[in-house]
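*Asks:* What follows is a protein structure lacking sequence information:
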């Protein structure tokens with residue numbers, strides 16, 4: 001059973017999709033500073049294509065807009081491009097899988113699952129398993145025995161879930177997925193993207209372990225550029241100084257008293273800079289990745305602004321990734 005759905009190759013040349021993306025990204029918000037400094041951010045006009053204030057889009061769910069755009073790109077790609085970007089799409093479906101499992105654990109209805117899967121790229125077989133599986137352990141057991149990314153990359157995730165709940169499950173699923181991804185023959189841009197993502201997730205895991213003073217050994221994902229020995233040495237030292245130094249090496253930003261939200265924001269900002277550079281170096285793969293990333297960050301930014309509408313504008317500005 002594959003994670004992603006298979007669709008017929010429409011045979012569109014890559015140039016067709018690149019031209020469409022060049023046009024569609026004109027609708028993305030470019031000037032976040034003007035949005036935040038305006039008299040009324042609730043009435044800030046969105047791009048002409050949306051014909052509504054930007055925060056009205058958030059109320060309509062900015063994340064659903066991103067998922068729709070991601071689905072559109074997936075369907076417009078030819079098989080060559082879909083193969084190149086399959087690691088990215090698999091990674092973004094990890095959250096969808098976890099959300100579905102959370103609903104299932106809380107006795108969510110099939111209607112809830114269908115709503116979550118509306119713009120999902122999951123295969124039909126995996127969708128069917130999430131709908132029909134009686135409970136989370138049963139779904140995980142089936143996944144472990146039949147799903148390509150789980151086989152030989154995970155060990156008893158249903159037991160992990162029963163012991164450590166969703167926190168342990170998220171770590172276990174991410175570890176299994178990354179093991180599968182790094183075994184793939186990836187395009188250099190996608191490989192560099194996932195090396196940074198692996199490092200970022202490991203740094204956040206390290207920060208949380210130090211903050212919570214947990215005795216449970218952390219899951220450090222393989223595939224990054226920061227050696228696991230560096231991470232474990234910082235953890236053993238239980239000193240935030242080396243952690244702050246590591247964040248600085250990865251992001252170029254000094255973080256005082258690093259917490260997960262600040263570190264994650266700094267890492268995403270640094271990744272945004274890197275992706276822009278990759279677009280200049282690889283005008284096809286880099287362009288598509290940059291567009292997907294910008295769509296995702298726009299959804300995140302709008303959600304931050306909407307939910308933080310009573311917060312000082314300068315504070316909000318520090319949370320925006322662009």
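*Replies:* Now that the structure is in, tell me what you want to look at. Everything numeric here is computed off the predicted structure, so don't read it as measured data.

*Asks:* so how far is residue 205 from the residue lying closest to residue 122 once chain neighbours are set aside?
*Replies:* Closest residue in space to residue 122, ignoring its immediate chain neighbours: residue 93 at 5.8 Å, by CB to CB, 6 or more residues apart in numbering. All C-beta spots, glycine's among them, are computed from the backbone N, C-alpha and C. To residue 205, residue 93 is 21 Å away according to CB to CB, to the nearest Å.

*Asks:* Check residue 145 too.
*Replies:* Where residue 205 is concerned, residue 145 sits at a distance of 27 Å (CB to CB).

*Asks:* Looking at those two, which is more packed in?
*Replies:* Higher neighbour count among residue 145 and residue 205: residue 205, with 19 against 10, using other CB atoms under 10 Å.

*Asks:* ok, now which ones touch that one?
*Replies:* 171, 218-220 (CB atoms under 8 Å, 6 or more residues apart in numbering).

*Asks:* Of those, which belong to helices?
*Replies:* residue 171 (DSSP state H).

*Asks:* In a markdown table: the contacts of residue 205, plus distance to residue 120 and neighbour count.
*Replies:* Converted to a markdown table, the contacts of residue 205 look like this (distance: CB to CB, whole Å; neighbours: other CB atoms under 10 Å):
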| residue | distance to residue 120 | neighbour count |
| --- | --- | --- |
| 171 | 22 | 19 |
| 218 | 29 | 15 |
| 219 | 25 | 16 |
| 220 | 28 | 23 |
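
*Asks:* Just give me the residue right at the centre of the protein.
*Replies:* Taking CA atoms, centre = their mean as the criterion, residue 92 is the residue nearest the geometric centre of the chain, at 5.0 Å.

*Asks:* Excluding covalently adjacent residues, which one is nearest to that residue?
*Replies:* Counting by CB to CB, 6+ apart, residue 92 lies nearest to residue 70, which is 6.8 Å off, once chain neighbours are set aside.

*Asks:* Show me which positions of the strand or helix carrying the one you found end up buried.
*Replies:* Element membership for residue 70 (DSSP states H and E) is helix 62-76. For helix 62-76, the neighbour count (16 or more other CB atoms under 10 Å) marks 62, 65-67, 69-70, 73-74 as buried.

*Asks:* elements contacting it?
*Replies:* Counting contacts by 3 or more CB pairs under 8 Å, 6 or more residues apart in numbering; DSSP states H and E, helix 62-76 is packed against helix 14-24, helix 79-105, helix 285-307.
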